[in-house]
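Student: I'd like to go over a predicted model; first the sequence, then the structure.
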Amino acid sequence: MKRSLEVNVETWPLARPFAISRGVRTEAIVVVAKITDGEFVGVGECVPYPRYDETVDGVTAEIEKLASAIADGLDRDALQETLPAGAARNALDNALWDLEAKQRGQRAWKIADIAVPTPYVTAETIGIGSVDEMGAAADRLKSAPLIKVKLDGELVMERMQAIHDNAPSARLIIDPNEGWTINQLKEFAPKLDRLGVEMIEQPVAAEGDDGLAGFISPIPICADEACHTSADLTDLVGKYQMVNIKLDKTGGLTEALALAEAATHAGFGIMIGCMIGTSLAMAPAVLLGGYAKFVDLDGPLLLKHDRKGGLRFESGNVYPPEADLWG
């Protein structure tokens, strides 16, 4: 029987409004690709992201136009040449991984020939709010081993001091989402270093990051919006010390594995990140945890409810997916 493709759009309400430097979200809208061979079903989830000129309708159409190719046996290698890196390829690539794992009766990490994933400490995220609101959020997360803080250019040290005071034992990483200038980075970095912040994620705009060249930061700087695939690494040398690997940027696990290997070989530290989605979106990324200094896969924890059979989150750790969920 030929394979068939089904595409669905799902909306998942957030537990509370979530603010970053670009705006506030109250729900996650995801696109799910489902490939069946008549016996087994492979699934993959992606999150279209406006920052990369993606829309839900556009991503859905990109996936649907490959229905005939999928039916005719399009594999992961051919997919890399058929679609560009991005959300649409992510959903299809991960669905193909899942389908193969089920067909072969093997876990995806064995097929990929990588280490068996273990529980990894995952960051838990605090969105932008008032100083008091962010301090209260830190109090709720005070037992978390790792906290990621979203920031803009306002009240940076006041907010971070409130978080540090309310969660004094947590390790801290921060993400301004391209919201700073290079001068703000130079002003804040030494102060944040004294607070124990361990990493700054994409502080300045990816398209205007030349000012990072030659800047010796006391805190490692991680490329997020500036790094999508392994082809981007050359341009990051001398600007960033780490890269954030997200499957919605790489276009799935296949290129994510290639990026992790290439980045490690080039001397970059690695962060494994996510958009806000369900456990189905996070599951393939958990396989990359062995490469990473920081894992940030708390997307499901921001939802009001997660997908049935979702990932296990416990004591600040994210556990590998069960086969029924993915891979």
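Tutor: On my side now, so go ahead. Numbers count the residues shown, from 1 in each chain.

Student: Which other helices and strands does the strand or helix carrying residue 28 contact?
Tutor: For residue 28, the element it lies in under DSSP states H and E is strand 23-36. On a contact count with 3 or more CB pairs under 8 Å, 6 or more residues apart in numbering; DSSP states H and E, strand 23-36 meets strand 4-20, strand 41-46, helix 56-64, helix 87-104. Where C-beta positions appear, they are placed from N, C-alpha and C, glycine not excepted.

Student: If we use 10 Å, what do you get?
Tutor: strand 4-20, strand 41-46, helix 56-64, helix 67-71, helix 87-104, helix 279-286 (3 or more CB pairs under 10 Å, 6 or more residues apart in numbering; DSSP states H and E).

Student: how about CSV for those, with mean neighbour count and distance to residue 302 added?
Tutor: As requested, the helices and strands packed on strand 23-36 are arranged in CSV below (neighbours: other CB atoms under 10 Å; distance: least, CB to CB, whole Å):
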stretch, mean neighbour count, distance to residue 302
strand 4-20, 15, 6
strand 41-46, 25, 15
helix 56-64, 18, 19
helix 67-71, 16, 31
helix 87-104, 25, 18
helix 279-286, 28, 11
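
Student: So for residue 153, which of the ones you listed sits nearest?
Tutor: The closest of the helices and strands packed on strand 23-36 to residue 153 is strand 4-20. By CB to CB, the value is 12.5 Å.

Student: Can you say which of the helices and strands packed on strand 23-36 is nearest to residue 150?
Tutor: strand 4-20 (4.7 Å).

Student: re earlier: please dump the helices and strands packed on strand 23-36 into TSV; it should also carry mean pLDDT and distance to residue 228 for every row.
Tutor: TSV is the format used below for those (pLDDT from 0 to 100; distance: least, CB to CB, whole Å):
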stretch	mean pLDDT	distance to residue 228
strand 4-20	93	19
strand 41-46	98	14
helix 56-64	98	15
helix 67-71	97	23
helix 87-104	98	11
helix 279-286	98	15
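
Student: got the ones you listed as CSV, with distance to residue 32 columns?
Tutor: Formatted as CSV, the helices and strands packed on strand 23-36 follow (distance: least, CB to CB, whole Å):
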stretch, distance to residue 32
strand 4-20, 5
strand 41-46, 5
helix 56-64, 10
helix 67-71, 14
helix 87-104, 7
helix 279-286, 7
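
Student: Poorly predicted segments of this protein, please.
Tutor: Counting by pLDDT under 70, the chain shows low-confidence ranges at 1.

Student: show me what contacts the spatially most central residue of it?
Tutor: Computing the C-alpha centroid of the chain and ranking residues by CA atoms, centre = their mean puts residue 274 first, at 1.7 Å. Residue 274 makes contacts with 47, 122-123, 125, 244-248, 281-282, 285, 295-300, 302, as judged by CB atoms under 10 Å, 6 or more residues apart in numbering.

Student: And for residue 124, the neighbour number?
Tutor: 22 (other CB atoms under 10 Å).

Student: so how many other residues sit close to the residue nearest to residue 241 when sequence neighbours are not counted?
Tutor: Nearest residue to residue 241 in three dimensions, chain neighbours excluded: residue 220, at 4.0 Å (CB to CB, 6 or more residues apart in numbering). Applying other CB under 10 Å, we find 19 residues neighbouring residue 220.

Student: my guess is residue 220 meets residue 244, correct?
Tutor: No. Using CB atoms under 10 Å, residue 220 makes no contact with residue 244, being 11.6 Å away.

Student: any common contacting residues for those two?
Tutor: 199, 201, 271, 294.

Student: Which residue comes closest to the first one once chain neighbours are left out?
Tutor: Distance criterion CB to CB, 6+ apart; nearest residue to residue 199, sequence neighbours excluded, is residue 173 at 4.3 Å.

Student: Then residue 280?
Tutor: In space, residue 280 is closest to residue 45, 4.2 Å off (CB to CB, 6+ apart).

Student: Quick one: residues contacting the one you found.
Tutor: 8, 10, 30-33, 87, 90-91, 94-95, 247-248, 275, 277-284, 307, 326.

Student: Roughly how far does it sit from residue 104?
Tutor: 21 Å (CB to CB, to the nearest Å).

Student: ok, now residue 317?
Tutor: Taken as CB to CB, the span from residue 317 to residue 104 is 28 Å.

Student: do the same with residue 270
Tutor: 28 Å.

Student: just the strands in the stretch 151-300 of the chain please.
Tutor: Ranges of strands in the stretch 151-300 of the chain, per DSSP state E, counting those that start in this stretch, are 171-175, 197-201, 221-223, 242-245, 269-272, 294-295.

Student: To residue 80, which of the ones you listed lies closest?
Tutor: strand 242-245 (15.9 Å).

Student: Tabulate the CA atom coordinates of the closest one in PDB.
Tutor: As requested, the backbone C-alpha atoms of strand 242-245 are provided in PDB (Å, rounded to 0.1, in the frame of the first residue of the first chain):
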ATOM      1  CA  MET A 242      27.300  28.800  21.400                       C
ATOM      2  CA  VAL A 243      24.500  27.900  19.000                       C
ATOM      3  CA  ASN A 244      20.900  27.100  19.800                       C
ATOM      4  CA  ILE A 245      19.600  24.200  17.800                       C
END
